[in-house]
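S.K.: Kindly generate the corresponding structure for this input.
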Amino acid sequence: MANRLGFIVVLALVVLVTGVFSMYQVAEWEKAILFRLGEIVKTDVQPGLHFKIPFVNNVRKFDGRRLTLDVEPERFLTVEKKNVIVDSFVMWRIADAKRFYTAVMGDERNARQRLEQIVKDGMRGQFSKRTVNQVVSEERDTITKDLTIAASAQAGQIGIEIVDVRVKRVDLPSEVSNSVYRRMQAERSRVAKEFRSQGAELAEKIRAGADRQRQVLIAEAYREAEQTRGEGDARAAEIYAQAFNKDKEFYAFFRSLRAYQESFDGSNDLMLLTPDGEFFEYFNQGGQ
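M.R.: I've put the predicted structure just below:
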């Protein structure tokens, strides 16, 4: 009876261990390959719980999510034969698990080395066709786009899909930086001088227009003033004429008084006149 109970326990343990080794689980973010005695028999294993034959089948799992590779900064030559130091990174993922396993033995470290070399070779080709100015500012988006397309074709041979390639920064060696900065400074100085000359020309035009407008306004104001003065003089002459016609004797008397007032204003002027002259007509008629 004891032997039978022990056999049942051992059999249960064997069944349990066999059951445990017969199951495997694939997560949503994983890619798996099923082997049979070292030979690949299935690569499109769906996420979930699966069964295998213990000690006959084995499973290799790989991270199927997007991964980031920070590429070491490297020097590249431009079309001008000048060095630039490029710092970049790559976003990639495993697209074909079978090809990935056969190409790099499923080793992510080997895959990163191969991928880094592919990206650097692509950058070398892209930068060798462009100038420093194009690399630094003008065509960076075009470079990354072309580099992603070219590198994806080579990375596909090892089962990797390149999602994106980005250039973080482009630095110039010190010997190149000085010449580039001097050239940039000369260019900015030229642009500044051009803007100043344009501003001076525009200022002269505005100043000349303002002077011309000033002269026109002064001339128009003088014309209106002379016209108004002439109208006033004409009106005054008309009033004088009307007053003279109303009482000629009083008007003559009033004109003489004004003449006396203006002549004898207390100044030291000297006049030589005869007492019986026309100017002293009303003085001589004081009795009347």
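
S.K.: which stretches of the stretch 1-150 of the chain have low pLDDT?
M.R.: Applying pLDDT under 70 to the stretch 1-150 of the chain flags the ranges 1-21, 138.

S.K.: any idea how far Ala27 lies from Lys98?
M.R.: Shown here: Ala27 relative to Lys98, a distance of 19 Å by Cβ to Cβ, to the nearest Å. Quick note: C-beta positions are derived from backbone N, CA and C, even for glycine.

S.K.: and the lengthiest helix in the chain, how far from the chain's centre?
M.R.: Using DSSP state H, we find that the single longest helix of the chain is helix 174-246. Here helix 174-246 is found 37 Å from its chain centre; the criterion is Cα atoms, centre = their mean, to the nearest Å.

S.K.: before we move on, what about stretch 80-91?
M.R.: Put simply, stretch 80-91 sits 23 Å off its chain's centre (Cα atoms, centre = their mean).

S.K.: what's it in contact with?
M.R.: Residues outside stretch 80-91 that contact it (Cβ atoms under 8 Å, 6 or more residues apart in numbering): 66-71, 73-78, 115-116, 119, 123, 127, 131-132, 135-136, 151, 162-173, 176.

S.K.: which among these end up buried?
M.R.: Neighbour-count burial (16 or more other Cβ atoms under 10 Å) applied to those gives 67, 69, 71, 74, 76, 78, 115-116, 119, 123, 127, 132, 135-136, 151, 162, 165, 167, 170, 172, 176.

S.K.: At which residues are the helices of the protein located?
M.R.: Applying DSSP H to the chain gives helices spanning 2-22, 97-104, 108-127, 132-133, 140-155, 174-246, 248-263, 281-284.

S.K.: List the buried residues in the third one.
M.R.: Under the neighbour-count criterion of 16+ other Cβ under 10 Å, helix 108-127 has Ala111, Arg112, Arg114, Leu115, Glu116, Ile118, Val119, Lys120, Gly122, Met123, Gln126, Phe127 buried.

S.K.: quick one on the thing from earlier: for Ala32, which of the helices of the chain is the nearest?
M.R.: Among the helices of the chain, the nearest to Ala32 by Cβ to Cβ is helix 97-104 (7.2 Å).

S.K.: Please export the C-alpha coordinates of the closest one as PDB.
M.R.: Only the C-alpha atoms of helix 97-104 are listed here, as PDB (Å, rounded to 0.1, in the frame of the first residue of the first chain):
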ATOM      1  CA  ALA A  97      12.400  37.200 -35.500                       C
ATOM      2  CA  LYS A  98      13.700  34.400 -37.700                       C
ATOM      3  CA  ARG A  99      16.000  36.600 -39.700                       C
ATOM      4  CA  PHE A 100      17.100  38.400 -36.600                       C
ATOM      5  CA  TYR A 101      18.000  35.100 -35.000                       C
ATOM      6  CA  THR A 102      19.900  33.700 -37.900                       C
ATOM      7  CA  ALA A 103      21.800  36.900 -38.600                       C
ATOM      8  CA  VAL A 104      23.000  37.800 -35.100                       C
END
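
S.K.: buried set for it?
M.R.: Under the neighbour-count criterion of 16+ other Cβ under 10 Å, helix 97-104 has Ala97, Arg99, Phe100, Tyr101, Ala103, Val104 buried.

S.K.: what's in contact with that helix?
M.R.: If you take Cβ under 8 Å, 6+ apart as the criterion, helix 97-104 is touched by 31-33, 40, 43, 60, 62, 64, 94, 106, 110-111, 114, 157-160.

S.K.: Which PyMOL command selects the buried ones in those residues?
M.R.: A single PyMOL command suffices to select whichever of these are buried according to 16+ other Cβ under 10 Å:
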select buried, resi 31+32+33+62+64+94+106+111+114+158+159+160
